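Student: Based on what follows, work out the 3D shape:
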Amino acid sequence: MQTETLYSNTRYTPPATESPKQTPPKPDLFGIQAAWLHFANEIEVRRLAKLHMRMERRKRGLDDLISERQRIMNRCIRRMRRSNGKN
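Tutor: Have a look, this model is predicted:
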């Protein structure tokens, strides 16, 4: 029995006596190093990929908002210092 992975172009053929839990480790997916991830089927991995992309977009959006807030805060602090004579 041959199992094809989503993660590489190579094929792995487990020996007949090997249980499914002893398959070679898959590369870290989506920055997750969890044992349960090795038991995800193809549909679940695809769904995890979509969720990962959504989460990354939200993180980038949040990072942009935080950096904009930081710029506004720094401008206000400079104005406050100038008004107090602390250049």
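Student: pLDDT wise, what is V45 at?
Tutor: pLDDT for V45: 89.
Student: measure it to R58 for me?
Tutor: According to CB to CB, to the nearest Å, V45 stands 20 Å off from R58. Every residue, glycine included, has its C-beta placed from N, CA and C.
Student: Also A34?
Tutor: 21 Å.
Student: ok so, going back, which of V45 and R58 has more neighbours?
Tutor: Comparing V45 with R58 by neighbour count (other CB atoms under 10 Å), the higher total belongs to V45, at 16 against 10.
Student: element containing that one, please.
Tutor: Using DSSP states H and E, V45 sits within helix 42-83.
Student: Compute the number of surrounding residues for R60.
Tutor: Other residues within reach of R60 by the criterion other CB under 10 Å amount to 10.
Student: what separates it from G31, distance-wise?
Tutor: Taken as CB to CB, the span from R60 to G31 is 14 Å.
Student: ok, Q33 - how many residues close by?
Tutor: Around Q33 there are 9 residues (other CB under 10 Å).
Student: Could you pull up phi and psi at it?
Tutor: Q33 adopts backbone torsions of phi -120, psi 70, taken as degrees, to the nearest 10.
Student: What separation do you get for it and V45?
Tutor: 15 Å.
Student: Ok, G31 next?
Tutor: For G31, the distance to V45 - CB to CB - is 14 Å.
Student: Also R69?
Tutor: R69 is 36 Å from V45, by CB to CB.
Student: One more: R78?
Tutor: Counting by CB to CB, the gap from R78 to V45 is 49 Å.
Student: low-confidence ranges in this protein?
Tutor: Along the chain, segments meeting pLDDT under 70 span 1-29, 87.
Student: quick one: contacts for G31?
Tutor: H52 (CB atoms under 8 Å, 6 or more residues apart in numbering).
Student: How about the backbone phi and psi for it?
Tutor: phi 70, psi 20.
Student: Count the neighbours of G61 for me.
Tutor: For G61, using other CB under 10 Å, the count is 10.
Student: any idea how far it is from M55?
Tutor: Distance from G61 to M55, by CB to CB: 11 Å.
Student: H52: neighbour count?
Tutor: 14.
Student: Kindly apply the preceding question to I66 instead.
Tutor: Neighbours of I66 (other CB under 10 Å): 10.
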